[in-house]
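J.: only geometry, no sequence info:
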């Protein structure tokens with residue numbers, strides 16, 4: 001809300017070149033810039049960074065060093081980044097979630113490690129998003145990665161099948177393709193793909209909304225509450241929304257399982 005008829009305005013000032021990444025080095029760079037620009041640090045009333053240890057640590061982070069110079073510079077952590085950390089740490093508490101994301105990363109690594117394999121992959125998913133690498137710092141990267149897998153699930157399986165059957169490939173590469181394909185043919189991995197796509201899409205929408213310059217406190221609270229509500233109805237959400245596409249993923253896995261069962265019996 002405007003204060004005294006004035007609205008706060010966000011303005012970009014400069015990129016800072018730093019000599020290092022320690023809290024003291026970053027704080028010194030900031031204070032030097034403000035002094036050179038003729039800005040009094042005592043006029044600062046708020047500072048906001050992500051939750052990296054060199055920025056947010058209570059006693060020795062950048063925010064603490066700035067507050068020693070100006071106690072009125074209240075530190076407010078980036079809420080979007082805090083939300084991402086909650087998602088990251090929550091997923092780490094579930095072994096099956098950890099195994100699933102490890103599998104998604106291995107898929108990307110397998111195809112991207114070889115130009116030839118990457119071409120095989122792209123030829124089988126011409127109209128789907130390409131596989132993405134996960135990121136340790138950006139939770140949204142998992143959303144892009146899982147959406148790519150979800151959209152091209154059948155094509156990815158076909159690409160792995162092509163590599164597995166390629167007599168010109170190294171035995172260890174064909175063996176790795178076989179292992180990844182066997183996992184994709186498990187119903188569990190198909191269901192996890194559908195589940196995490198629904199959850200990560202909502203999560204990504206929330207973190208994106210939290211970064212909007214037009215978001216006010218009331219809407220921010222409503223957005224966060226919607227994420228909490230999703231936790232209660234996540235299973236029903238993936239079973240009703242996008243039901244046709246989810247069923248297609250599951251049907252593909254079941255069909256593959258039957259084909260291999262009949263082949264083994266023959």
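T.: Looks like it came in fine. The model shown is predicted, which means the values in this text are computed figures rather than measured ones.

J.: Which positions in stretch 40-47 come out as buried?
T.: Using 16 or more other CB atoms under 10 Å as the test for burial, stretch 40-47 gives 44, 47. No exception for glycine: its C-beta is placed from N, CA and C like everyone else's.

J.: How far off centre is it?
T.: On the basis of CA atoms, centre = their mean, to the nearest Å, stretch 40-47 sits 33 Å off its chain's mean C-alpha point.

J.: For that stretch, give me every contacting residue.
T.: 31, 34-35, 62-63, 66, 69-70, 72-76 (CB atoms under 8 Å, 6 or more residues apart in numbering).

J.: Show me which of those are buried.
T.: 31, 34, 62-63, 66, 70, 73, 75.

J.: Could you work out the most separated pair of the residues you listed?
T.: 34 and 75 (16.6 Å; CB to CB).

J.: Keep only those of the contacts of stretch 40-47 that are in helices.
T.: Among the contacts of stretch 40-47, the members falling in helices (DSSP state H) are 31, 34-35, 62-63, 66, 69.

J.: biggest separation within those, which pair?
T.: 35 and 63 (18.8 Å).

J.: Same list, the contacts of stretch 40-47, but as JSON lines with distance to residue 132 please.
T.: Output for the contacts of stretch 40-47, formatted as JSON lines (distance: CB to CB, whole Å):
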{"residue": "31", "distance to residue 132": "39"}
{"residue": "34", "distance to residue 132": "39"}
{"residue": "35", "distance to residue 132": "42"}
{"residue": "62", "distance to residue 132": "31"}
{"residue": "63", "distance to residue 132": "32"}
{"residue": "66", "distance to residue 132": "36"}
{"residue": "69", "distance to residue 132": "42"}
{"residue": "70", "distance to residue 132": "42"}
{"residue": "72", "distance to residue 132": "43"}
{"residue": "73", "distance to residue 132": "38"}
{"residue": "74", "distance to residue 132": "37"}
{"residue": "75", "distance to residue 132": "33"}
{"residue": "76", "distance to residue 132": "31"}
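
J.: All good on my end, thank you.
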